[in-house]
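Trainee: Make a model of this:
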Amino acid sequence: MAQSHKLAGDAPSGQAGPRFTGKSPVGAELVAQSHKHRIVATGPVHPVAEEILGPIVVGLAVGGVPSGIHLGPEAVTVSLPDSEAFATALTALVIAQLPLTFGNSIVATADAERAYFGARARRVRPNRLAASIGTWNLAAGLAGGLPMCHGAGGVTAHYKLGARTAGATLSAGVLFCVLGLALGDSLPALLQILAPGALAGMLLYVAIQHALLAASLERTADRVIAAGVGAVTIASGNLAIGFAAGVVALGARAAWRRRPAERLASA
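Mentor: Numbering: from 1, shown residues only. As a prediction, this is how the structure comes out:
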């Protein structure tokens, strides 16, 4: 999985850490809620080594080399799925995934990029994120590959580990290509040794960082809305319900603020 955006340069000297402007409490809470590691964000090589190779090394040290590993790439064929496969994927996967994809891969990713990179993230817009997800999933589907998406979790993990340029995206892509070409269909056997504890530790770290981002909203009212979205999401277990609650809260606040202006206008 790879992101198609390039963000150049470190933060300016003396610039404060990332802080949300208070304009998107729903997006901020979606960042806090959507901490699953799903993408490789921009950055230097060492975050990729730490986040991808690190758990593999730990797994090899603990469990040894798994059986069934062999060398050689597999042939790639392009074909259209039949109507039955398409219907199954649509009902069992696509519809169920839409709330998380919209929340984590589009809204939260765009917010996280703006929080970390400011004006340099101007090209990372929701419409461009949605277009890249759709394009590459179309290609993956035709080739029988796995679905992909962006995600705020990967952005935060790589940024906090030093990512500032497209180097991490490039190095991760090279690593994935090498693994796929070298191991073929035996690659899943290798990936099964990933130490669950190492992955859980990374997810916990990202979750904490996202909570701090949500807490950095400038206005108290926005922090209250973000906390409310989080509470609704946790209680319902559904990101779509939490997002809808946030939209309703923002709409109600906007309507309430318009009332004094309307009364003055009618006076």
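Trainee: for this structure, what's the longest helix?
Mentor: Looking across the chain with DSSP state H, the single longest helix is helix 239-266.
Trainee: what's the helix or strand for the residue lying closest to Gly145 once chain neighbours are set aside?
Mentor: Distance criterion Cβ to Cβ, 6 or more residues apart in numbering; nearest residue to Gly145, sequence neighbours excluded, is Ala139 at 7.6 Å. C-beta here means a position set from N, CA and C on the backbone, and glycine is covered the same way. Using DSSP states H and E, Ala139 maps to helix 126-143.
Trainee: what does that helix rub up against?
Mentor: Helix 126-143 has contacts (Cβ atoms under 8 Å, 6 or more residues apart in numbering) with 3-5, 76-81, 101, 105-107, 109-110, 145-150.
Trainee: Give me the buried positions along it.
Mentor: Within helix 126-143, the residues scored as buried using 16 or more other Cβ atoms under 10 Å are Leu129, Ala130, Ser132, Ile133, Trp136, Asn137, Gly141.
Trainee: can you check stretch 248-256 too?
Mentor: Within stretch 248-256, the residues that count as buried by 16+ other Cβ under 10 Å are Ala249, Leu250.
Trainee: Quick one: mean pLDDT over that stretch.
Mentor: The pLDDT scores in stretch 248-256 average 91.
Trainee: what about that stretch, distance to the chain center?
Mentor: Averaging C-alpha positions (Cα atoms, centre = their mean, to the nearest Å) puts stretch 248-256 27 Å from its chain's average.
Trainee: next one: stretch 76-92
Mentor: Worked out by Cα atoms, centre = their mean, stretch 76-92 lies 25 Å from the chain centre.
Trainee: Please apply the same query to stretch 230-247.
Mentor: Averaging C-alpha positions (Cα atoms, centre = their mean) puts stretch 230-247 18 Å from its chain's average.
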